[in-house]
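Peer 1: need a 3D model of the sequence below.
(chains A and B)
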Amino acid sequence: MTQEKTKTEKIPRQPMPEQPPEVRRRNFDEVPLGYDAETAAKEAQRCLQCKKPACVTGCPVEVDIPGFIKHVADGDFKTAIRLIWEKNALPAVCGRVCPQEIQCEGLCIVGKKDSPIAIGNLERFVADTERLQGTGDLPAKAPATGKRVAVVGSGPSGLTVAGDLLLKGHSVTLMEAFHKPGGVLIYGIPEFRLPKDIVASEVATLEKLGLEIKCNTVVGRTVSLDELFEEGFDAVYIGVGAGLPVFLNIPGENLNGIYSANEYLTRANLMKGYLYPKYDTPLVRGKNVAVIGAGNVAMDSARTAMRLGAENVRIVYRRSRTEMPARAAEIHHAEEEGIEMYLLTAPIEFIGDDSGHVTAMKCLKMELGEPDASGRRRPVPIEGSEFTLDCDLAVIAVGAGANPLLTQSNPEISLNKWGYITADPETGKTTKKGVWAGGDIVTGSATVILAMGAGRKAADSIHDYLKLGW
Amino acid sequence: MFKIVKRAEMAGGTVIENKIEAPRIAAKAKPGQFVILKADETGERIPLTISDIDPEKGTITVIYMVVGKSTELFKTLKEGDGYQDVIGPLGKPTHVEKLGTVVCVGGGTGVAVLYPITRAFKEAGNKVVSIIGARNKDLLILEDKMKAVSDEFHVCTDDGSYGRKGFVTEVLKEILQKDTVDLAVAIGPVPMMKFVSAITKDFNVKTLVSLNPIMIDGTGMCGGCRVSVGGKTQFACVDGPEFDGHQVDFDNLSSRLRAYAEDERKAHEAFCRVHDAK
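Peer 2: Numbers count the residues shown, from 1 in each chain, chains lettered A, B, ... in the order given. This next block holds a predicted model:
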């Protein structure tokens, strides 16, 4: 009888409350509103507390997921966040931007027959609860080692390395080329997906742990790698991201109103162009917007343009829906907000007016042919399918390459044929003694959490080096 | 904060000189490189080529013309005030070597950028012929400094109020007709660099121009400063700012510089209204 009752009262996955699409498409407030304590505890009770949790194997930084969820179920949010901190310095960020569906939640046993436990939503909840109501008690630091580490680049991998090494007792200086720390979390991911206050708060936590941050420092220009060693740093971690925009190389691409996604998002997010004229940096606000590409960055660009008052926002992608690299949730959010998908469509030329501003984009329809080197079916143009889309703002979001600014002046660091740094996948060691690298500058464009995973491994290796040598 | 240790006005207050405390940048900077400045929290990032470097005192000097809201805001900064952010040195330094005769052509505030490059070519043992110009006498800057590092020196004004009446290009043409010139360096308004490059092309004299397109990061990350050079897209921030003047698509550069003209005009007017009211 009791068993019967439990079955009928099985708790469903708790939905995340969100701003309705017709409202949020015109504002920059965060889309999901977060769980309340009651909902979080209810969701946490769904966890089976597996002895050999598959979810943890799907987490690049191996957070003790059942462990923290148990504390949430018990209403002990303070212990929950501290357990996460042992493995993850940026839980408020990861709870929001990790692709949980292909990591922890993708492996959740409950998910085999039902919806998986909402691990991301719970991580976000405990991180937010700590930030808003927490005690601010910091994790314990190991005694000072007297060793100094320079971390170049303040994005997710750099912040992870910094956090880990601080806790291990080393002194860490973070160097950032921009005027604000956070890397892609600040310049790339928009406010409505990752509020900048949250990034600032995660960075502030690291500062309380003793992190020194030097902004406006372009390593490779302001200071060289070798000079860092001369200044007394014992080890250097390079986490500068990919940071080289890829263009289409089609006629008309240098017209005004055509941005790389890097430029568009940096203007909007880092420079707060979406608040223009309160902030001084302008950005083109298009009526008819074309975003070329179909990854998360393309979705972020399209949704930003919609919020800035566009009438039509179109994702233009040369392959089909199946090949779109963006997270399903991002595509879903974008479509709910009225963004149209022009799939199997490839731009071939931009047309401009007399003042040099883009007015239209010529496209070809494509069909899928045989698989190419990436294993995806190659898009092939359909003859005679040319058509023109009105477009007064175009954002090119087809990926990024390796920015050579730092690597070109350091020949001892070997690069692969695309210019990415060759680093040991287990340790992050480069070919230059005392120098580690991780994140997008090693792997090419990937996710926040993979960059953090690389940072974690490198931090362990740097710690070994500082104790034992290269 | 990056403190302004010395401030001067030139050209009737339309051009401002700031000597800024930035020891790390001063230790590294070479002629031809630039910095990005941001005055305050809400400000734009503005690239300015460095016009003087004092590594011992740890200062750099920038000279800018007041043309819009951001430069109006810069103008309000007094000695002792500072810029919230200064980033650099950025871009590639000028490749300076002994070539023989180098003609340095500067227009307007471009002379500020030209000066350290001219001095470097002079110090490398070249015969330096300088031609500087402005719309009128009041707008002419750095005449004495340029004269001091030149073997031969020419001044022109568009209206004839000082020096020779006419454009720098006319003097340049005469020099190219009579002398053998190994390199020309032209820095100034886009039309000036375009016409200088057209003339030197006829005489087959290699010509460097320094470009200052709209820019955000200055590290090759955004592509906003892209210019077409020899039909290929280059980023002024990392591939430049100096390029072969015979290869640059100046018309595209002019057009890209006007990308926000309307926004800039409105922002400038709004700033001046508020500021004048104070």
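
Peer 1: the residue in chain B that chain A sits nearest to is in what secondary structure piece?
Peer 2: The minimum distance from chain B to chain A, using CB to the nearest CB, falls at residue B:255 (3.3 Å). Glycine gets a C-beta too; all of them are placed from N, C-alpha and C. Per DSSP states H and E, residue B:255 falls inside helix B:250-257.

Peer 1: circling back to that earlier point, what about the residue of chain B closest to chain A, neighbour count?
Peer 2: Other residues lying near residue B:255 total 19 when counted by other CB atoms under 10 Å in any protein chain shown.

Peer 1: not counting sequence-adjacent ones, nearest residue to it?
Peer 2: Nearest non-adjacent residue to residue B:255, counting by CB to CB, 6 or more residues apart in numbering or on different chains: residue A:356, 3.3 Å away.

Peer 1: I figured the one you found hits residue B:261, correct?
Peer 2: No: distance between residue A:356 and residue B:261: 10.5 Å, which falls outside the contact criterion (CB atoms under 8 Å).

Peer 1: so which of these two has more stuff around it?
Peer 2: Using other CB under 10 Å, the more surrounded residue of residue A:356 and residue B:261 is residue A:356, with 19 against 12.

Peer 1: per-residue pLDDT, that one?
Peer 2: Looking at residue A:356, its pLDDT stands at 95.

Peer 1: tell me the contacts of it?
Peer 2: A:255-256, B:252, B:255-256, B:258-259 (CB atoms under 8 Å, 6 or more residues apart in numbering or on different chains).

Peer 1: top of those by neighbour count?
Peer 2: Counting neighbours by other CB under 10 Å, residue A:256 comes out on top of these with 23 neighbours.

Peer 1: count of residues packed around the nearest residue to residue B:163 once chain neighbours are set aside?
Peer 2: Excluding its sequence neighbours, the residue lying closest to residue B:163 (CB to CB, 6+ apart) is residue B:155, at 3.2 Å. Residues lying near residue B:155 (other CB under 10 Å) number 19.

Peer 1: likewise for residue B:22?
Peer 2: When counting by other CB under 10 Å, one arrives at 27 neighbours for residue B:22.

Peer 1: do residue B:272 as well
Peer 2: 12.

Peer 1: from memory it sits against residue B:73, does it?
Peer 2: No: using CB under 8 Å, residue B:272 is not in contact with residue B:73, being 11.0 Å away.

Peer 1: distance of the residue of chain A found nearest chain B from residue A:256?
Peer 2: Nearest residue of chain A to chain B (CB to the nearest CB) works out as residue A:356 at 3.3 Å. Note on residue A:356: its distance to residue A:256, by CB to CB, to the nearest Å, is 5 Å.

Peer 1: anything in contact with each of these two?
Peer 2: Both residue A:356 and residue A:256 are contacted by B:255-256, B:258-259, under the criterion CB under 8 Å, 6+ apart.

Peer 1: okay, and residue A:313 sits in which element?
Peer 2: Per DSSP H and E: strand A:312-316 holds residue A:313.

Peer 1: need the contact partners of that strand.
Peer 2: A:287-294, A:298-299, A:302-303, A:305-306, A:334, A:338-342, A:345-347, A:361, A:363, A:389-390.

Peer 1: which bits of the stretch 51-200 of chain B sit near chain A?
Peer 2: Residues of the stretch 51-200 of chain B lying near chain A by CB under 8 Å from any CB of the partner chain: B:69-70, B:73, B:84-90.

Peer 1: among the residues you listed, which are located in strands?
Peer 2: Counted as lying in strands by DSSP state E, out of those, are B:85-90.

Peer 1: returning to that earlier point: partner strands of the helix or strand harbouring the residue nearest to residue B:163, with direction?
Peer 2: Secondary structure from DSSP H and E places residue B:155 in strand B:152-157. The strands that strand B:152-157 pairs with in its sheet are strand B:127-134 (parallel), strand B:164-165 (parallel) (by DSSP bridges).

Peer 1: return the most buried member of those.
Peer 2: Most buried of the strands paired with strand B:152-157 by mean neighbour count (mean count of other CB atoms under 10 Å in any protein chain shown) is strand B:127-134; its value is a mean of 26.

Peer 1: off-centre distance for it?
Peer 2: Relative to its chain's centre, strand B:127-134 lies at 14 Å (CA atoms, centre = their mean, to the nearest Å).

Peer 1: hmm, who's touching the helix or strand immediately after that strand in the chain?
Peer 2: For strand B:127-134, the following helix or strand on the C-terminal side (DSSP H and E) is helix B:143-148. Residues outside helix B:143-148 that contact it (CB under 8 Å, 6+ apart): B:104, B:106, B:111, B:114-115, B:118, B:130, B:132, B:153, B:155.

Peer 1: follow-up on the earlier one: mind putting the strands paired with strand B:152-157 into CSV with mean pLDDT?
Peer 2: Listed next are those as CSV, based on pLDDT from 0 to 100:
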stretch, mean pLDDT
strand B:127-134, 96
strand B:164-165, 92
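
Peer 1: phi, psi for residue A:128 please.
Peer 2: Torsion angles at residue A:128 (phi, psi; degrees, to the nearest 10) stand at phi -70, psi -40.

Peer 1: what about it, how many neighbours?
Peer 2: Residue A:128: 22 neighbours (other CB under 10 Å).

Peer 1: just checking, it touches residue A:36?
Peer 2: No: applying CB under 8 Å as the test, residue A:128 and residue A:36 come out as separate, 10.6 Å apart.

Peer 1: pull the longest helix from the chain.
Peer 2: No chain was given, so I picked chain A. Among the segments of chain A that qualify as a helix by DSSP state H, the longest is helix A:448-468.

Peer 1: wrong one, chain B
Peer 2: In terms of residue count, the longest helix belonging to chain B (DSSP H) is helix B:261-277.

Peer 1: can you give the domain ranges for chain B?
Peer 2: Split into domains by automatic domain parsing, chain B comes to B:2-90, B:92-203, B:211-259.

Peer 1: between those domains, which one is nearest to residue A:375?
Peer 2: Closest to residue A:375 of those is domain B:211-259 (CB to CB; 29.1 Å).

Peer 1: measure that closest one end to end?
Peer 2: Domain B:211-259 stretches 16 Å from its first residue to its last (CA to CA, to the nearest Å).

Peer 1: show me where the stretch 201-350 of chain A has strands.
Peer 2: Counting by DSSP state E, counting those that start in this stretch, residue ranges of the strands within the stretch 201-350 of chain A are A:212-214, A:235-238, A:243-245, A:258-260, A:288-292, A:312-316, A:340-342, A:345-352.

Peer 1: mind checking those for the one nearest to residue A:438?
Peer 2: It's strand A:235-238; of the strands of the stretch 201-350 of chain A, that one is closest to residue A:438 (CB to CB) at 7.2 Å.
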